[in-house]
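Q: pasting a predicted model and its sequence here:
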Amino acid sequence: MPTFRYEADNRDGQRMSGEIAAPSREQAIARLSLDGLSAIRILEPSTLESSAGEAEIVMAEIVPAERQLSLAETVDLSALAAGLAASGLPLDTGLKAAALEAPNRRLSRALLAISRRLSAGLPLDEALGAQGERLPPHVRGLVLAGLHSGRMASLLEEFVAMERHAAQLRRRVALTLAYPAVLISVLLGAFAFFAAAVFPALAVILDDFDADLPAATQVAIGFSDQGVYALLGNVVVVFCAWLIIWLASDLPELCSMLKTFPLLGPIARWAALSRFARMLALLLEARLPLAESLHMAGDGARDADLASACRKAAVAIENGYSLEEALMLHSAFPRSLSPIVAWGRQAAALPEALNTAADMFEARLQSQLGLLRTAVPALTFLAVLWGALFLVAALLLPMIGLIEKLT
């Protein structure tokens, strides 16, 4: 296997060098990118045999560190690259034209940066490697796999379709929760208003008449001192919870936290597993090594727990375990996945088996989503009904008691 000498920047911005064995230049850069290295420069194996004085190194321009593209920006870039690859247009010219009409400046800068490097004569692999943390590792790996296999257009089209489906699911969940979140926020706001403006005056009147206070009124008056801040804080909590759900697909750590929520946890888990299985199938179809594919599929799942389990499973595979055995070692993977993987490996149809598993996870996801859409409106109705009855009881019961006392 060829050995490539490289120089690259690590996550701390420090320059490092070394050698890596890989079947091709593309896979060498893909492996280094997965290790978190950027601004990679590669010395071809044939150059290593020449004298040091004659060695020519092709280096990608070092770019300033920039925040990783969001999910929507990554999907837009992949869709553009797939369209250009399918049309046969030069990538540098097409990306430059696309940058002029990009929906935001950050995506435009990324497109222009890749275009400039391609125009300067750099290979696509090094142009992507120079982007550092800007491009997610699984997207860089997918593009390099497509370049190596000659299927870049079809691979990126499948990836874009998969991510757009995930975005549609996120919108469905967010819209399912948006109306209940608004109703609960209005209810909490009503509690805050009555606690600040109504119950303090009511407490003075009832105290003057020495009226007996029912339990609901006592609780409401107790809130009038500091309860307004607590209730307004609850409104903020409701808004932040909805925001976390919306952002969870972009931030793997939030996705892992979301799995602890009732009703939402199973949805987040099955969605991440479905993305993982489809991404792994896509990478294996591109003939990437299994261990590297696991790394990239874990990143593409956008779940911190699942990504960690994928890294551990990749190490197990490098130590001689089969894929189904490596998956059985970690609780992040459901037990039902290993038999399907074992069948696919024995039938030499592992990508097809993984797509079957993804369909199974998708069915479970849709079942949980149906449960969410049924349960959330009912629970919201009960919460609003209880809140309204509590306010009515806290206001009217002492007045009825006061009237009875006066008569």
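A: Good, I have the coordinates. Numbers count the residues shown, from 1 in each chain.
Q: can you list contacts of stretch 399-407?
A: Defining contact as C-beta atoms under 8 Å, 6 or more residues apart in numbering, one finds that stretch 399-407 is touched by Leu206, Phe209, Ala211, Asp212, Pro214. The C-beta positions use only the backbone N, C-alpha and C, and glycine is treated the same way.
Q: how about the strands in this protein?
A: For the chain, the strands defined by DSSP state E occupy 3-9, 15-21, 38-43, 58-59.
Q: check the gap between Gly370 and Ala357 for me.
A: Noted for Gly370: a distance of 21 Å to Ala357, by C-beta to C-beta, to the nearest Å.
Q: pick out whichever of these two has more residues nearby.
A: Each of Gly370 and Ala357 has its neighbours counted (other C-beta atoms under 10 Å); Ala357 has more, 26 against 10.
Q: so how far is Leu112 from that one?
A: Distance of Ala357 to Leu112, computed by C-beta to C-beta: 39 Å.
Q: please apply the same query to Ile184.
A: Separation of Ile184 from Leu112 (C-beta to C-beta): 45 Å.
Q: more neighbours, these two?
A: Shown here are Ile184 and Leu112; by other C-beta under 10 Å, Ile184 has more neighbours (21 against 16).
Q: and the closest residue to Pro334 other than its chain neighbours, what does it touch?
A: Leaving aside its chain neighbours, Pro334 sits nearest to Leu273 (6.8 Å; criterion: C-beta to C-beta, 6 or more residues apart in numbering). Shown in contact with Leu273 (C-beta under 8 Å, 6+ apart): Ala301, Leu306, Phe333, Pro334, Leu337, Ala358, Phe361.
Q: lowest average confidence across the strands of the chain, which one?
A: Of all those, strand 58-59 carries the lowest average pLDDT, namely a mean of 38.
Q: for stretch 10-23, list the C-alpha coordinates in PDB.
A: What follows is stretch 10-23, C-alpha atoms only, in PDB (Å, rounded to 0.1, in the frame of the first residue of the first chain):
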ATOM      1  CA  ASN A  10      -4.300  20.100  14.100                       C
ATOM      2  CA  ARG A  11      -7.300  21.400  16.000                       C
ATOM      3  CA  ASP A  12      -5.100  23.700  18.100                       C
ATOM      4  CA  GLY A  13      -3.600  25.300  15.000                       C
ATOM      5  CA  GLN A  14      -0.200  23.600  15.400                       C
ATOM      6  CA  ARG A  15       1.700  22.400  12.400                       C
ATOM      7  CA  MET A  16       2.500  18.700  12.400                       C
ATOM      8  CA  SER A  17       3.900  16.200   9.900                       C
ATOM      9  CA  GLY A  18       4.100  12.400   9.400                       C
ATOM     10  CA  GLU A  19       3.300   9.500   7.100                       C
ATOM     11  CA  ILE A  20       0.100   7.600   6.400                       C
ATOM     12  CA  ALA A  21      -0.600   4.500   4.500                       C
ATOM     13  CA  ALA A  22      -3.600   4.600   2.200                       C
ATOM     14  CA  PRO A  23      -4.700   3.100  -1.100                       C
END
